[in-house]
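**Q** from the sequence below, what's the structure:
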Amino acid sequence: MKKKENKHVIRDEIKGYITFSGWQMGEVANRLSDRKSKVALQNLSNKLTKETIRYSEVKKIADILGYEIKWEKK
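**A** I've put the predicted structure just below:
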């Protein structure tokens, strides 16, 4: 059961940053789309829920929202 809870934490964290930044999930999905492929809102939501989103996509989301992902040693 703990693994399922972690997925929700990750999903909620990313969705929280989207909302806090004044964006909506659909707007972010549209910005993630490029000439080759369209990112549907449902696909983005599914990737977050199933934890199948790629790190490169997370970095793009952060960039769209005006964030930078930094790695810090504990």
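
**Q** please save the CA atoms from stretch 57-74 in CSV.
**A** Coordinates of the C-alpha atoms in stretch 57-74 are reproduced here as CSV (Å, rounded to 0.1, in the frame of the first residue of the first chain):
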residue,chain,number,x,y,z
GLU,A,57,9.0,15.7,-19.3
VAL,A,58,9.2,16.7,-15.7
LYS,A,59,12.1,19.0,-16.6
LYS,A,60,10.0,20.6,-19.4
ILE,A,61,7.1,21.1,-17.0
ALA,A,62,9.4,22.8,-14.5
ASP,A,63,10.7,25.0,-17.3
ILE,A,64,7.2,25.9,-18.4
LEU,A,65,6.3,26.9,-14.8
GLY,A,66,9.5,28.9,-14.4
TYR,A,67,11.2,26.4,-12.0
GLU,A,68,14.6,24.8,-12.1
ILE,A,69,15.2,21.3,-10.7
LYS,A,70,18.3,21.2,-8.5
TRP,A,71,19.9,18.2,-6.9
GLU,A,72,21.2,18.8,-3.4
LYS,A,73,23.1,16.4,-1.3
LYS,A,74,21.3,15.5,2.0
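
**Q** buried ones in it?
**A** 57, 60-61, 64-65 (16 or more other C-beta atoms under 10 Å). Every residue, glycine included, has its C-beta placed from N, CA and C.

**Q** OK, contacts around the nearest residue to residue 49 once chain neighbours are set aside?
**A** Nearest-residue entry for residue 49: residue 11, 5.6 Å, with adjacent residues in sequence omitted and distances by C-beta to C-beta, 6 or more residues apart in numbering. Shown here is residue 11, whose contacts under the criterion C-beta atoms under 8 Å, 6 or more residues apart in numbering are 48-49, 51.
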